[in-house]
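Q: Below are the sequence and a predicted model; questions follow.
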Amino acid sequence: MSQFDDVLNKKAVALRYDENKDMAPVIVASGLGYMAERIVETANQNGVPVYEDNSLATVLTQLELGTPIPEELYQAIVDIYAYFLKYTPQKRETDEAESVEEDGETETDGQEETQEDVPE
C-alpha cells in the first residue's frame, strides 16, 4: 500500500464531554484522509492524547458533527476514558506508537479523538 493510500484510509474523530452540559460525549470534529491527519496533528499540538481504534472511528465518522454518541457506544468510550485516566505525558514521549490513527480516538480534558493503528 502506498503512502497516498495510507492517507486516504485514515479516519479521525474528536469528542467533547462536559459533564455539566452534555448527557454523552459529543462529536466535535470528524474527517477522512488529509482531514483526519489534521485532526490528529491538532490534538498532538494541543496535548490531547490520541487513541487508535479503526472500528470505532469507522462508526463515529458516519455520525454528524454535534451529535452525542449513541448509547451502544458508551462502553467503548468509557474504556477509552479509563485508558487515558492512567495516561502520563512522560510515557507518551517515549512511546509515540500510542498515537491513534484511522485510525481512531483521542481524549483529555473532556476532549477525545479516535483514530486507529495504536496498540492498547
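A: Thanks, I have the structure now.
Q: Run through the residues that contact the nearest residue to residue 71 once chain neighbours are set aside.
A: Counting by CB to CB, 6 or more residues apart in numbering, residue 71 lies nearest to residue 24, which is 7.6 Å off, once chain neighbours are set aside. (Glycine included, C-beta is placed from N, CA and C.) Counting by CB atoms under 8 Å, 6 or more residues apart in numbering, residue 24 touches 17, 68-69, 71, 74.
Q: Start from the N-terminal end of this structure and give the helices.
A: For the chain, the helices defined by DSSP state H occupy 3-8, 34-45, 54-60, 74-85, 89-94.
Q: so of those helices, which one's packed in deepest?
A: Comparing the helices of the chain by mean neighbour count (mean count of other CB atoms under 10 Å), helix 54-60 comes out on top with a mean of 21.
Q: so what's residue 94 scoring on pLDDT?
A: pLDDT recorded at residue 94 is 42.
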